[in-house]
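K.L.:
A structural model of the following input is requested.
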Amino acid sequence: MNFKRASLLALAAASLFAGIAHAQVKIGVTVSATGPAASLGIPERNTFGLLPKEIGGKKVEYIVLDDASDSTTAVKNTRKLITEDKVDAIVGSTVTPNSLAMVDVVAESSTPMISMAASARIIEPMDAKRAWVFKTPQNDSLMAEAIAEHMSRNKVKTVAFIGFADAYGESWAQEFTKVAGPRQIKMVAQERFARTDTSVTGQVLKIMASNADAVLIAGSGTPSALPAKALKERGFKGKVYQTHGIANPDFLRVCGKDCEGTLLPAGPLLVAEQLPDSNPVKKPAMAYKTAYEKTFGGQVSTFGGHAWDAGLLLERAIPEALKKAQPGTPEFRKALRDALEQTRELPVSHGIVTMSPTDHLGMDNRARVMVQIADGKWKLLGQ
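P.N.:
Numbering: from 1, shown residues only. Here you go, the predicted structure:
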């Protein structure tokens, strides 16, 4: 009798612990909340506090770590989240080098990952490893095309390029070269700078000597203000273009008047209030903008929007994955990956997402607008 009772108690305990193990969905997050990319990572970190705590009848826990804008730390965080915290999915990192470094880790463990960094190289070319990786920011290729189109319409024939001396800058140089050539836009100078540099005088002097009609600065966050300020100081009179990597309030604050007139492609979220009501992205963009500014004050950042959009993807995918498996299992991670890949016509703050086995971004031209900095604010340009 005692043995039978003990057996029943053991069975009950086992059932209880099994229930606890699968009681919630765990999402591991690594963001660059400190370091050179902090102006991007902080609004992302804040945004995870706004995401739903229950999806599909399951509680959702977001475990958020800071990788300090360092790729080695991003990898370390990813391993910890997967091996120790047993997360069902990874979101991160903020910047391209970190995200690229994380791909091998998530693929080894068959854990779906949603990157918040821009480079198309994170998800292309599709292979067995990248099959586990998705992303929310617009590909640099999509945005490079927008810049080249604007240059062509405005008679820009020669361009000088200065970009980060890392994967972000290199990817932008490659993508812009691809779209500039067919439009007879010639790149007459190429320079690089580090995210932590305090001077780019030498690079800017070479750019000035090229007599280019325009300069394209391929950087992100506040470090991108450095070459812009140096160009202004040296009296550059041509057009200055930046990438969507500067689309946050901190860049405006740091660059100030030196960036008046700067042109850039951006996600619709940056100018959500200026979008026509007919734009299908306006409603989801305004929903995030309202939620963020109500909670944190200030002005919404497009980078926080990438975290919000990752949340929307998970909110759509988790209920589908739960139909096939329970959280905390390899089967659930696989089902979640499959559900993300099957996302169709999902309105998010930066566009409309339709994934496929060969496209783990799923955005089209509805995910971009051209913007100009005017009177210290973002101004939507006519398309």
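
K.L.:
what stretches of the stretch 201-350 of the chain score poorly on pLDDT?
P.N.:
By pLDDT under 70, the stretch 201-350 of the chain has no low-scoring segment.

K.L.:
find the centremost residue of the protein, please.
P.N.:
Met116 (2.7 Å; CA atoms, centre = their mean).

K.L.:
quick check: it touching Gly305?
P.N.:
No - judged on CB atoms under 8 Å, Met116 makes no contact with Gly305 at a distance of 9.4 Å. In short, each C-beta sits where N, CA and C put it, glycine included.

K.L.:
what about Glu149, how many neighbours?
P.N.:
15 (other CB atoms under 10 Å).

K.L.:
how about Thr72?
P.N.:
Neighbour number of Thr72 under other CB under 10 Å is 11.

K.L.:
tell me how far the helix or strand hosting it is from the chain's mean position?
P.N.:
Using DSSP states H and E, Thr72 sits within helix 71-83. The chain centroid and the centroid of helix 71-83 are separated by 18 Å under CA atoms, centre = their mean, to the nearest Å.

K.L.:
in it, what's buried?
P.N.:
Ser71, Thr73, Ala74, Val75, Asn77, Thr78, Leu81, Ile82 (16 or more other CB atoms under 10 Å).

K.L.:
closest to Lys237 among the residues you listed?
P.N.:
Ser71 (37.9 Å; CB to CB).

K.L.:
quick check: the closest one touching Asn98?
P.N.:
Yes - taking contacts as CB under 8 Å, Ser71 lies within contact range of Asn98: 4.7 Å.

K.L.:
tell me who's in contact with His306.
P.N.:
Glu44, Met116, Thr136, Pro137, His350 (CB atoms under 8 Å, 6 or more residues apart in numbering).

K.L.:
secondary structure and distance to Leu361 added to the residues you listed, as JSON lines?
P.N.:
As requested, those are exported to JSON lines (DSSP: H, G, I helix; E, B strand; the rest coil; distance: CB to CB, whole Å):
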{"residue": "Glu44", "secondary structure": "helix", "distance to Leu361": "17"}
{"residue": "Met116", "secondary structure": "coil", "distance to Leu361": "12"}
{"residue": "Thr136", "secondary structure": "coil", "distance to Leu361": "8"}
{"residue": "Pro137", "secondary structure": "coil", "distance to Leu361": "8"}
{"residue": "His350", "secondary structure": "coil", "distance to Leu361": "10"}
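
K.L.:
could you dump those residues into TSV with distance to Thr201 added?
P.N.:
Below are the contacts of His306 laid out as TSV (distance: CB to CB, whole Å):
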residue	distance to Thr201
Glu44	32
Met116	32
Thr136	36
Pro137	31
His350	35
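
K.L.:
what's the ChimeraX line that selects buried ones from these?
P.N.:
If you want just the buried ones from the contacts of His306 in ChimeraX, going by 16+ other CB under 10 Å, the selection is:
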select :44,116,136,137,350
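
K.L.:
how about stretch 262-281: buried residues?
P.N.:
Buried, per 16+ other CB under 10 Å, within stretch 262-281: 262-272, 275, 281.

K.L.:
need these in JSON lines (columns: distance to Asp88 and secondary structure).
P.N.:
As requested, the buried residues of stretch 262-281 are arranged in JSON lines below (distance: CB to CB, whole Å; DSSP: H, G, I helix; E, B strand; the rest coil):
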{"residue": "Thr262", "distance to Asp88": "41", "secondary structure": "coil"}
{"residue": "Leu263", "distance to Asp88": "41", "secondary structure": "strand"}
{"residue": "Leu264", "distance to Asp88": "36", "secondary structure": "strand"}
{"residue": "Pro265", "distance to Asp88": "34", "secondary structure": "strand"}
{"residue": "Ala266", "distance to Asp88": "32", "secondary structure": "strand"}
{"residue": "Gly267", "distance to Asp88": "27", "secondary structure": "coil"}
{"residue": "Pro268", "distance to Asp88": "30", "secondary structure": "helix"}
{"residue": "Leu269", "distance to Asp88": "27", "secondary structure": "helix"}
{"residue": "Leu270", "distance to Asp88": "31", "secondary structure": "helix"}
{"residue": "Val271", "distance to Asp88": "35", "secondary structure": "helix"}
{"residue": "Ala272", "distance to Asp88": "31", "secondary structure": "helix"}
{"residue": "Leu275", "distance to Asp88": "34", "secondary structure": "coil"}
{"residue": "Val281", "distance to Asp88": "28", "secondary structure": "coil"}
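
K.L.:
closest one of those to Lys232?
P.N.:
Thr262 (10.0 Å).

K.L.:
quick one, what contacts Lys112?
P.N.:
Quick fix: residue 112 is Pro, not Lys. Asp88, Ala89, Ile90, Val106, Trp132, Val133, Phe134, Arg333, Leu336, Arg337, Leu340 are the contacts of Pro112 under CB under 8 Å, 6+ apart.

K.L.:
ok, 6 Å please
P.N.:
Counting by CB atoms under 6 Å, 6 or more residues apart in numbering, Pro112 touches Ala89, Trp132, Leu336, Arg337.

K.L.:
out of the residues you listed, who's the most crowded?
P.N.:
Ala89 (30 neighbours).

K.L.:
please name the residues that touch it.
P.N.:
So Ala89 contacts Ile27, Pro112, Leu336 (CB under 6 Å, 6+ apart).

K.L.:
state the distance from the last one to Thr111.
P.N.:
According to CB to CB, to the nearest Å, Leu336 and Thr111 sit 9 Å apart.

K.L.:
ranges for the strands of the stretch 101-250 of the chain?
P.N.:
113-115, 133-135, 158-164, 186-193, 214-218, 239-242 (DSSP state E, counting those that start in this stretch).

K.L.:
count of neighbours near the nearest residue to Pro284 once chain neighbours are set aside?
P.N.:
Spatial nearest neighbour of Pro284, chain neighbours left out: Pro347 (4.5 Å); criterion: CB to CB, 6 or more residues apart in numbering. Other residues within reach of Pro347, judged by other CB under 10 Å, total 18.

K.L.:
what do you get for the one 5 residues further on?
P.N.:
Residues within reach of Ile352, counting by other CB under 10 Å, total 17.
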